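Trainee: my questions are about this predicted structure, shown below with the sequence.
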Amino acid sequence: MKALKTKDVALIGLFAALTVICAWISIPLGPVPVTLQTFAVFLAAALLGPKRGTLAVAVYIFLGVVGLPVFSGFKTLNPLTFGYVLGFLPLGMLTAMAEKLFPKTRLALPLGMAMGLLVCYLIGTVWFYYVMHFRGTEYGFGKILSLCVVPFILPDLVKLSLAWFLSLKLKKHVK
């Protein structure tokens, strides 16, 4: 594996910090709040690529796992919603890899973002189900989807679109 340059480390840190800031912008909506974290992950993956984008997300997750209040509402790790945070890793990877796999296709990036978002929803929802199950609360699949996925589809599509638009404008400035 090729060593990271100072510029790479700075960009990874910058996007990890952006993700922290975006997590703090939070609207409570049931057990899972609406935040701008997905926007930051989309943007990091689109601008930094698979390796650096994934490292930025991993740094963000690591900061939360070690106990820093980097998650929504200036909080530390929430076992109930942590699956969605873990889902940011494949979300970012799929976003960045889609553009690498289909470099000539203008829609590769938003399609990669959408595929990554679906995987994030899947990981987070399965995690949520198991945490609730082990706490002794049985929610059916429909109830979990109505709490953890359906309310987020439209806001996440807006974040996806904004990140796609910004990445098209900023790509030439971030190498």
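Mentor: Perfect, thanks for sending it.
Trainee: ok now the helix or strand of the chain with the lowest mean pLDDT, how far from the chain's centre?
Mentor: Lowest on mean pLDDT, DSSP states H and E among the helices and strands of the chain sits strand 26-27, with a mean of 87. Put simply, strand 26-27 sits 15 Å off its chain's centre (CA atoms, centre = their mean, to the nearest Å).
Trainee: got it, and stretch 108-116?
Mentor: The mean C-alpha position of stretch 108-116 is separated from the chain mean by 12 Å, CA atoms, centre = their mean.
Trainee: just to confirm, which residue in the chain is farthest away from the center?
Mentor: Among the C-alpha atoms of the chain, the one most distant from their mean position (CA atoms, centre = their mean) is that of Gly136, at 28.3 Å.
Trainee: doesn't that residue belong to a strand?
Mentor: No. Counting by DSSP: H, G, I helix; E, B strand; the rest coil, Gly136 falls outside a strand, being coil.
Trainee: partners of the least confident helix or strand of the chain, with directions?
Mentor: Strand 26-27 pairs in its sheet with strand 34-35 (antiparallel), by DSSP bridges.
Trainee: buried ones in the helix or strand that comes right after the strand it pairs with?
Mentor: Scanning forward in sequence from strand 34-35 by DSSP states H and E, the next helix or strand is helix 37-65. For helix 37-65, burial by neighbour count (16 or more other CB atoms under 10 Å) applies to 37-50, 52-57, 59-61, 63-64. Just so you know, the C-beta spots here come from the backbone N, C-alpha and C atoms, and that holds for glycine as well.
Trainee: OK, contacts around the nearest residue to Thr81 once chain neighbours are set aside?
Mentor: Leaving aside its sequence neighbours, Thr81 sits nearest to Val32 (CB to CB, 6 or more residues apart in numbering; 5.2 Å). When contacts are counted by CB atoms under 8 Å, 6 or more residues apart in numbering, Val32 touches Leu80, Thr81, Tyr84, Gly124, Phe128, Leu147, Cys148, Phe152.
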